[in-house]
Each structure stands twice: as C-alpha cells, then as structure tokens.
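Asker: Provide a 3D model corresponding to the input given below.
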Amino acid sequence: MDIQLKDERLEKRWLILVRSQMKVASPLAAGVGSLPSSTQAFAATQAAWRFYNNDRISLAELVEPLRNYVREQLAASPTPFVLVAHDWCKLRFPGHESRRDMAELSHETDIGYELTTSLAISGENGMPLGPCEMHLKAKHGMLSTRERAPKAVGHLEQILPTMEASDRWKLGKPIVHMIDQEADSIGHWRAWDAAGHKILIRGDDRRVLWGDRRTKLSEIRKELQAQGQYRDAGPAQYHGRKARLRVVETTVILDLPARKLTKTKRGKTKQVSIPGPPLEMRLILTRVEDEHGKLLAEWSLLTNVPAEWADAAHIARCYYWRWKIETYFKLVKSHGFQIEDWLQETAEAIARRLLVVSMACVTVWQLLADTSASAQQFKTILIRMSGRQMKRTTPFTAPALLAGLWTFLSMFDTLEEYDVNALKALVSKVKLPIPLINSG
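Answerer: Numbers count the residues shown, from 1 in each chain. Here you go, the predicted structure:
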C-alpha cells in the first residue's frame, strides 16, 4: 500500500508508530508501546512525541494511507456502492482539565473534544474499511483531514459539505451516506437529494403520503404486518444474540414542510415552517427478531438508493452494518486504545495519533474479516498469545486480536536477536520459585 508522506524518514516513522499501537492499552499505560528492538523505550517515546507534534505533518496527509487502503479494497470488490457512516463522539479527558484547547461541548462544565468521523464500510459484506474523513472540535475551531477545515457548526449542517468533499476522495464507487435517527430532518433530506447524493436514514414516526392517503409510518407498519407482507432477510446478531432480519418495502412521498427553530429579534426561539418540493423515498420497514419470533428492534428506513443497486433486504442489512462506526468508537475509547487517557497535550497531537491508531484498527479489521485457512490459523495463534478466554460462538474479536498482536510482535522482535535455545538456557540459570518453561 502506498503511504506517501513528505519524505521516506517520516514514512518509516509512521509505520513504526502504527506497529507500536498494535496493543490493548490500559488507563495506566496508554502511551505509545515500545517493541523490544534495539531502540530504547525512551527514544521511541521521544520519536513519537516529535511525530505527533510535528506541524509539518498535516492531518490531510495522514488520512491518505487510510483512503488508499479503502480505494484498494473497493477496487477488488464487486459491490456497486460503498457505505459511508457519519457519526459523532465526545472525547473527555478526566483529570486532564488543564488542557487549554478543550472545547465546551453541551454546557460549560462539559469540556473536551468532539470527534466527527466518516467511516467507509463495504456495501458487499459490511466490513469496516477505514475512516475517510475526520474533524476534531477544539476550543479555537475545527481540526480536519480536509485541506480547508470546516466551520464549527451543528451536526447536520456538517453533512452536506462532507458529502461534497467525498467526491474528492476518489473511492471509485458511488457513495451511500448513512446517518442514524439524529438526521430525521426533511429539510436536510431535500437538500441532500437535490445535490444528487444517495442517503440511507433511520426515520422517526412521521406523517407521509402513502398512495392516496396521509398516514404515519407506524400505521403503515401495522397495516403491512397485518397483511403478512414481511419477508425473511437472513440471519443477524443483536447484542450477541442470534437473530433474523425481516423486511417489507413500499414507496412514500414526503411533502410536508420542514420545521426549523429560529431566533426572533427579541432573542426568543420560535418554530417556522419551510415548504419544499415533494420527495419520493423508498420506505423499508425492518424487524429484528430472535429465534422464536420475538421482536428485538425495529427500524423505519428511508432511502433514495435505486432499487437496481440494492433490494430491500440488502438495504436493511446495510443499515444493520452502520453499527460498525459505533464499534470503531468503542475500540478507540474503551476496548482498545483508551484515547481518553492519552497524554498528548494538544488537539493537533491527539488528532495525528488518532489517524495512526486508525490504521491499526484497519489492520485488525482486515484480519478479523479474513476467512482463509492461513488467517484462521494465525488468528487462533494470536488469541492464544492474548491469554483471553473466548466464547465458542465468538472465537475472535478485535480487542483480543490486538492483545495477541502485541505479544506476537514482541516475540518476533525478540527472536530476531535471541535464539530459542539460548533463551531456554538463560532462563534455566535464573533461580525462581517455579519453572517458567516445561522441562519436558
């Protein structure tokens, strides 16, 4: 894969840093790892500090290896489109309130950074491919992987500029933009559709025109369910439980005015109606049921994706895959890299490290998705090295593979310097209360 930083020295340092992040960090040791090579741990820490605080290395430059990987994966895939999930995540640093560039988030005592991520996901199998764009809201504005950082605006106001910027990512496939229920806004849908973008949104229970009558989405759901219109769309997982997806599709027209809150001259807030053209959308009603038919979750999905790109069952599964961006945040925050315990002192340094960490995420995701015999054997070895007990139904997870990868890389680096027999001989000369190695 092409890395393309400013010079070869920086490219080598980037690769070393990605490898040094292949571990599950702990709150007490959330810094950069040091493999047992000839480099001293302090020297590795200093090199990482210089890289993350190097103003010559732009975020736009660091996102390119991630985009290159996404392009390569999509070029080898038969999928007619790529999914891009947009979401937001608060990053708080308890105990580190002295950072001077943290922003006020929801209120004056809610201090931290806000991470905006646009994650590419395979439209074929739901494999997370990598973040293609990131913004980090700090006290003095937005840091961005875009050449020109956007203004700090509301979540939904960020989406259209990101959609427009996505054309410059050159992913080689049409993009379907996915957003959760926060994006239930007919005014924004009209703007996105008018600009020619394909969207997949989870809607609220709104009134629409269905055939010749106006009704709520919940009433459409009840009527189609009573008619037995739902069809099986295959297996799924729901919070670790086996489940099934069931779907039904119909067409609706959104013709009611959009509603927007504005401030009057006296500083009060009032709601105004903004009329717009009728918008025809595919309504895909989805049920997630357990093995006994009990309802676990249900969604009302609205999309303008052409039927020839994907049928109702595939669209339902695409939204099901939107959860991958939540697992990315989880891996970054609490189940892998412990970002809220990092000691980088500025938003710029945190953002650079986060883009390096994201390549470590991408590496683990590819390994997790690889079902070849060699990959299965390698993953089994990594799980053994991680020391973790896995469920029979879930033999591999990203955090467990990360833990195993660190042990593997440490072992591999050690064996580059020491012979196995020499290590055994060395250990045998050290007096310990129990033997570390089986004598047999």
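Asker: so where is the stretch 301-440 of the chain shaky, pLDDT-wise?
Answerer: Residues of the stretch 301-440 of the chain meeting the criterion pLDDT under 70: 439-440.
Asker: and residue 264, what's its pLDDT?
Answerer: If you check residue 264, the pLDDT there is 67.
Asker: domain boundaries for the protein, per the record?
Answerer: Domain assignment for the chain by automatic domain parsing gives 1-180+322-369, 202-303.
Asker: what's the burial count for residue 219?
Answerer: When neighbours are defined as other Cβ atoms under 10 Å, residue 219 has 15 of them. Backbone N, C-alpha and C define where each C-beta goes, glycine included.
Asker: do the same with residue 213
Answerer: Residue 213 has 8 nearby residues by other Cβ under 10 Å.
Asker: dump the domains of the chain to a markdown table, plus distance to residue 407.
Answerer: Listed next are these as a markdown table, based on distance: least, Cβ to Cβ, whole Å:
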| stretch | distance to residue 407 |
| --- | --- |
| domain 1-180+322-369 | 9 |
| domain 202-303 | 26 |
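Asker: so of those domains, which one's packed in deepest?
Answerer: domain 1-180+322-369 (a mean of 18; mean count of other Cβ atoms under 10 Å).
Asker: any weak-confidence spans in the stretch 1-150 of the chain?
Answerer: Residues of the stretch 1-150 of the chain that meet the cut-off, pLDDT under 70, sit at 1-4, 6, 27-42, 96-97.
Asker: quick one, strands of it?
Answerer: With strands called from DSSP state E, counting those that start in this stretch, the stretch 1-150 of the chain shows them at 82-91, 103-104, 111-122, 128-138, 141-144.
Asker: thinking again about what came up before, which one of the domains of the chain lies nearest to residue 387?
Answerer: domain 1-180+322-369 (11.0 Å; Cβ to Cβ).
Asker: re earlier: to residue 385, which of the domains of the chain lies closest?
Answerer: Nearest of the domains of the chain (Cβ to Cβ): domain 1-180+322-369, 11.7 Å.
Asker: need the next SSE after the strand or helix carrying residue 409, C-terminal direction.
Answerer: Assessed by DSSP states H and E, residue 409 sits inside helix 398-417. Tracing the chain past helix 398-417, the next element assigned as helix or strand by DSSP H and E is helix 420-428.
Asker: residues contacting that next one, please?
Answerer: 414, 436, 437 (Cβ atoms under 8 Å, 6 or more residues apart in numbering).
Asker: list the contacts of the second one.
Answerer: So the one you mean is residue 436. residue 427.
Asker: ok, it to residue 425 distance?
Answerer: Using Cβ to Cβ, to the nearest Å, one gets 13 Å for the distance from residue 436 to residue 425.
Asker: for the first one, same thing?
Answerer: Per Cβ to Cβ, residue 414 is found 15 Å from residue 425.
Asker: which one of the two has more residues nearby?
Answerer: The neighbour comparison of residue 414 against residue 425 (other Cβ under 10 Å) goes to residue 414, with 14 against 10.
Asker: return the distance of the more buried one relative to residue 407.
Answerer: 10 Å.
Asker: before we move on, what about residue 195?
Answerer: 49 Å.
Asker: so for these two, which residue has more residues nearby?
Answerer: residue 407 (17 against 10).
Asker: so what's residue 86 up against?
Answerer: Per Cβ under 8 Å, 6+ apart, neighbours of residue 86: 116, 117, 118, 158, 159, 162, 177, 178, 179, 325.
Asker: measure it to residue 111 for me?
Answerer: Counting by Cβ to Cβ, the gap from residue 86 to residue 111 is 24 Å.
Asker: ok, then the element right after the biggest strand by length in the chain?
Answerer: Criterion DSSP state E: the longest strand present in the chain is strand 241-254. Following strand 241-254 in sequence order, the next helix or strand is strand 258-263 (DSSP H and E).
Asker: elements contacting that next one?
Answerer: helix 186-194, strand 269-274 (3 or more Cβ pairs under 8 Å, 6 or more residues apart in numbering; DSSP states H and E).
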